[in-house]
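[1] Test case, fold it:
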Amino acid sequence: MSEQVKPYKDSTSSKKEQVTQMFDNISGNYDDLNRVISFRMDIQWRKKVVKLVKAIQPKKVLDIATGTGDLAIALAATNAEKIVGLDISPGMLAVGAKKVEAKKLSNTIDMIIGDSEALPFEDNEFDAITVSFGVRNFETLEKGLAEIYRVLRPGGIFVVLETSVPTKFPFKQGYNFYSRNILPAIGKMFSKDKTAYAYLSESASVFPHGEKFNNILRKIGFTNVENKPQFMGVATIYAASK
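    Purely as a prediction, here's the structure:
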């Protein structure tokens, strides 16, 4: 059974439309806000993702839900010949494209609009695929993962960085208080979209993290599935192969 999360604003439009609108609205402040709410730990987590990808010496990498391109840019350290950053939000991509140009990486990184559940690529096209804080926003989780599996080459690596919920006392209680009270308040300070970070908190709380997500990956067909909790379990890095 595919996991579903609460709608961003209402039930009159699809989750895809709502998520696109949300990220368009917060795109200008997204990077600064991410640094604040993660206490800058997201930078180190992305470095760990890059290390996993670099180990297979990929030639072509796809970063799904690339947003403003933080991970796509970091993946340039893998020396891949081509990196494609795909996102459903034009607003986030516009910010990312400026960052790519400023880093003089336009010849290496392509930023394109696309749907994670209908990827515009051939079968077995990429050596590595990454998703950073994006799988919980898939409208239908298993459909998106099946598409990722399709375009990943045999022997390729799939790496996910996603929020998760600590399970041990007192970290679980502290995380719940932070995500329900402090995170939305910080979001309101940075963004005019007052419901966006409440949604992000809610979606993180219902996402099937840990072994539940491992089992979904295995169901899709991925092998060598493992998860690496980060900082008491507030985030998790998942790695799998095809």
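[2] same for the host helix or strand of Lys188, what does it pack against?
    Counting by DSSP states H and E, the secondary-structure element that holds Lys188 is helix 183-190. Contact here means 3 or more Cβ pairs under 8 Å, 6 or more residues apart in numbering; DSSP states H and E; on that basis helix 183-190 packs against helix 30-37, helix 196-206. All C-beta atoms are positioned from the backbone trio N, CA, C, and that covers glycine.
[3] Looking at the ones you listed, spot the one closest to Val160.
    Distance to Val160, taken as Cβ to Cβ, is lowest for helix 196-206 among the helices and strands packed on helix 183-190, at 13.5 Å.
[4] buried set for the helix or strand just after that closest one?
    On the C-terminal side of helix 196-206, the closest following helix or strand by DSSP H and E is helix 211-220. For helix 211-220, a neighbour-count test (16 or more other Cβ atoms under 10 Å) marks Phe213, Asn214, Ile216, Leu217, Ile220 as buried.
[5] Report all helices and strands that helix 211-220 contacts.
    Helix 211-220 is packed against helix 141-151, strand 152-163, strand 223-230, strand 235-241, with contacts defined by 3+ Cβ pairs under 8 Å, 6+ apart.
[6] Averaged pLDDT, it. What do you get?
    In this model, helix 211-220 has a mean pLDDT of 98.
[7] Can you dump the C-alpha atoms of it in CSV for me?
    Provided in CSV are the C-alpha atoms of helix 211-220 (Å, rounded to 0.1, in the frame of the first residue of the first chain):
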residue,chain,number,x,y,z
GLU,A,211,13.0,-0.3,7.7
LYS,A,212,9.5,0.5,6.4
PHE,A,213,11.1,2.5,3.5
ASN,A,214,13.8,-0.2,3.1
ASN,A,215,11.0,-2.7,2.5
ILE,A,216,9.3,-0.5,-0.1
LEU,A,217,12.6,-0.2,-2.0
ARG,A,218,13.0,-4.0,-1.9
LYS,A,219,9.4,-4.4,-3.1
ILE,A,220,10.2,-2.2,-6.2
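[8] Neighbouring strands of the helix or strand encompassing Val84 in the sheet, and parallel or not?
    Val84 is part of strand 82-87, with elements assigned from DSSP H and E. Next to strand 82-87 in the sheet, as set by DSSP bridges, lie strand 60-64 (parallel), strand 109-113 (parallel).
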